[in-house]
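A.B. asks: dropping a prediction and its sequence here:
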Amino acid sequence: MDSAPDSHVLGSLPLGRRAFLAGLGAFVTTQVLLPRTIRGNDLSPDLRPLRLGFLTDCHSREEKGAPQALEQAAQLMNSLQPDLIIGGGDFVHGGFYDSGRVMDRRWKVADTFLKKLHTKVEPIIGNHDFYEPILQDRSPSPHDPRWRWKKYFGLHETYRSFSFRGYRFLMLDTVKVVGGANPYRGWIDAAQISWLDRELRRIPANQPIILCSHIPFRTSLRDSFGPFVGPSPGRVRVLNADSVLSRLKDRPLALVLQGHVHINERLQDNGVPFITGGAVCGKWWNGPNMGTWPGLGMIEIIPSDGIKAPSDERISWNYMNLPGAPATPLISQVA
Ligand SMILES: [Fe+2]
């Protein structure tokens, strides 16, 4: 099969009335200072500047020129000299649809790519990273479909948190295997919610949080590209996102980073920026997806040293195309 079912789901639809283009993502630099206070929390003075690389939806495979493009992606990311890279999931292509034998070959392509990066990658799991999650009768497999991702990255769980340069990263697993015609949905399971409650008891109240998710918590996809972009809303967003966001409502949530829908998008909801980071593979290695070309992103966070921030934005976001593509527009919306 040439492209994933996702590409048929999303299609190429025109921009709708609520979306608007807000400049070009490529190589626009903006100086943005993180405010000293977020949601009434005076932030920790230990924060340091952070250059965060974000590459998501690589969909590694042997065909369609993917290995060569991934090589370009590695060179581009290395040239940006990030302090840390967030890998937004879907490192490989086909997890819900292709055999383990095929997926093993694709993990080798991903491995070649990831080994070329000079900076540590902190990964989250995407639906395509799953390994034979569905049986022939379309029911969920009794085996752990996350084992391949866990083994590759040497992680025992697909969700975790860590501190880096004073920021607290929450890395979530947003994929629930349900089987049937729409074999997964965006969902945070009860075990993660319990874990999150425990984590929040030990995370200092003044530590800004960066939440990383494969399936979006917030996206304008339906508004921007038509009311019907898939057979199931759970294919394009986390259905119980509010059960996480409500737990963070009094915390200094600085940023939500998301992947999965392969568009370059920046939303703001209740003051929180939600960035959907395009896709290294664009439209599953078939050119641009709804205007978003193959590329990757860079986030720059500069803690305020007392100077008033020049804008309401907390972070800067730049989406950069792989060589040879025209600039990708940014879909921007403030709720
Ligand atoms: Fe993807």
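C.D. replies: Thanks, I have the structure now. Since we're looking at a predicted model, the values are computed, not measured. Residues are numbered from 1 along each chain as shown.

A.B. asks: tally up the residues packed near the residue nearest to residue 189 when sequence neighbours are not counted, please.
C.D. replies: Distances taken as C-beta to C-beta, 6 or more residues apart in numbering place residue 176 nearest to residue 189, at 6.3 Å, with adjacent residues excluded. All C-beta spots, glycine's among them, are computed from the backbone N, C-alpha and C. By other C-beta atoms under 10 Å, the residues close to residue 176 number 19.

A.B. asks: ok, residue 176 - contacts?
C.D. replies: Residues counted as contacts of residue 176 (C-beta atoms under 8 Å, 6 or more residues apart in numbering) are 184-187, 189.

A.B. asks: so which strand or helix has it?
C.D. replies: strand 175-177 (DSSP states H and E).

A.B. asks: off-centre distance for that strand?
C.D. replies: Its chain's average C-alpha position is 16 Å from that of strand 175-177, according to C-alpha atoms, centre = their mean, to the nearest Å.

A.B. asks: tell me the strands beside that strand, with direction?
C.D. replies: Sheet pairing of strand 175-177 (DSSP bridges) gives strand 184-186 (antiparallel).

A.B. asks: show residues contacting the helix or strand that comes right after the strand it pairs with.
C.D. replies: Going down the chain from strand 184-186, the next helix or strand is helix 190-202, by DSSP H and E. Outside helix 190-202, the residues within contact range by C-beta under 8 Å, 6+ apart are 159, 161, 170, 172-173, 243-244, 247-248, 251.

A.B. asks: ditto for stretch 138-146
C.D. replies: So stretch 138-146 is in contact with 95, 125, 129-135, 150, 158, 173, 177-181, 183, going by C-beta under 8 Å, 6+ apart.

A.B. asks: can you do 6 Å?
C.D. replies: By C-beta atoms under 6 Å, 6 or more residues apart in numbering, the surrounding residues in contact with stretch 138-146 are 130-133, 135, 158, 177, 179-180.

A.B. asks: now render the residues you listed as a markdown table, adding neighbour count and secondary structure.
C.D. replies: Below are the contacts of stretch 138-146 laid out as a markdown table (neighbours: other C-beta atoms under 10 Å; DSSP: H, G, I helix; E, B strand; the rest coil):
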| residue | neighbour count | secondary structure |
| --- | --- | --- |
| 130 | 25 | coil |
| 131 | 23 | coil |
| 132 | 17 | coil |
| 133 | 22 | coil |
| 135 | 12 | coil |
| 158 | 22 | coil |
| 177 | 18 | strand |
| 179 | 15 | coil |
| 180 | 11 | coil |
